[in-house]
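A.B. asks: quick one: sequence plus predicted model below, questions after.
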Amino acid sequence: DVQLVESGGGSVEAGRSLSLSCAPSSRTSACIGWFRQGPGKESEWVASIYTGHDFTHYRDSVKGRFTISRDKAKNTVYLQMNSLNSEDTAIYYCAASYGGGCPQPENGIDYWGKGTQVTVS
């Protein structure tokens, strides 16, 4: 099994920034993404990166505000979140899929992180 170690998150005021990180226990190329679930909302995909070639994808509501990137040496994926607003309040989950396209829908995810809370007030 692959473990996904998440860090980051917290509480910030609207307009501020936060960064999340996700470190997979495997260095095999994968589609690494972030999903989130806000209070009373359905889970939704946020952004993904394929670690084999660093191609990135974003949901429309975060384009221009969020940046997903990868540090190859540290084997860590980052989600830099700028200009946060209350709609970004959610538990954010790192997700990894091995094989298939990128991004992957929830039912295509092989491994999930435990989640980290982001609260924007």
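C.D. replies: Okay, I see it. Residues are numbered from 1 along each chain as shown.

A.B. asks: Glu44 contacts Gly33, correct?
C.D. replies: No: using CB atoms under 8 Å as the test, Glu44 is too far from Gly33 to be in contact (11.1 Å). The C-beta positions use only the backbone N, C-alpha and C, and glycine is treated the same way.

A.B. asks: more crowded one of those two?
C.D. replies: The neighbour count for Glu44 versus Gly33, taken as other CB atoms under 10 Å, is higher for Gly33 (27 against 14).

A.B. asks: which ones are touching the more buried one?
C.D. replies: With contact taken as CB atoms under 8 Å, 6 or more residues apart in numbering, Gly33 is in contact with 45-49, 68, 94-97, 102-104, 109.

A.B. asks: report the beta-bridge partners for it.
C.D. replies: Using DSSP bridges, the bridge partners assigned to Gly33 are Ser48, Ala95.

A.B. asks: ok, now how distant is it from Lys41?
C.D. replies: Distance of Gly33 to Lys41, computed by CB to CB, to the nearest Å: 18 Å.

A.B. asks: which one of the contacts of Gly33 is nearest Val2?
C.D. replies: Nearest to Val2, judged by CB to CB, of those is Ala96 at 6.0 Å.

A.B. asks: contacting residues for the closest one?
C.D. replies: Val2, Leu4, Pro24, Ala30, Cys31, Ile32, Gly33, Ile109, Asp110, Tyr111, Trp112.
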